[in-house]
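Student: Next one to model:
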Amino acid sequence: DYVGFLTLMIDPQAPVYSKIVSGELELLNPEDVVEEMKLFLQNVDSEGTVFRSNHASNYVILKGTLNEDIPSMLAYLRQVEEQGKYREERWRRF
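Tutor: Residues are numbered from 1 along each chain as shown. All right, here's what the predicted structure looks like:
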């Protein structure tokens, strides 16, 4: 089994893009995404499932195997939060 954690990327041609640019719709910021990842990892029970957060859209590169690597992944996420070391948002255009 495999779980991939992705962050939403919007194509400028998508109809919803104008709502984001105007502020009508707000995407999650890096801190919110990390909180969502932590919430997921704190509540998932899927022994042996491969977990990856290594897509270009992700603010944090994270990989491990559930459930055994959850404590180390959560510790890493706390470290990222404390240091504010999120990946650069090169793909965002607004």
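Student: ok, Ser22 to Val16 distance?
Tutor: 11 Å (C-beta to C-beta, to the nearest Å). The C-beta positions use only the backbone N, C-alpha and C, and glycine is treated the same way.
Student: The two - which one has more neighbours?
Tutor: Val16 (12 against 9; other C-beta atoms under 10 Å).
Student: which residues touch the worst-scoring helix or strand of the chain on mean pLDDT?
Tutor: Least confident helix or strand of the chain, by mean pLDDT, DSSP states H and E, is helix 17-22 with a mean of 92. With contact meaning C-beta atoms under 8 Å, 6 or more residues apart in numbering, helix 17-22 is reached by Ile10, Asp11, Leu25, Glu26, Leu27, Phe94.
Student: buried set for stretch 15-33?
Tutor: Ile20, Pro30, Val33 (16 or more other C-beta atoms under 10 Å).
Student: distance between the ends of it?
Tutor: The first residue of stretch 15-33 is 23 Å away from its last residue (C-alpha to C-alpha, to the nearest Å).
Student: tell me the contacts of Gln42?
Tutor: Ile70, Leu74.
Student: Walking through this protein, point out its strands one by one.
Tutor: For the chain, strands defined by DSSP state E occupy the ranges 2-4, 50-53, 62-65.
Student: residue ranges with poor pLDDT in the chain?
Tutor: Of all residues in the chain, those with pLDDT under 70 make up the ranges 89-94.
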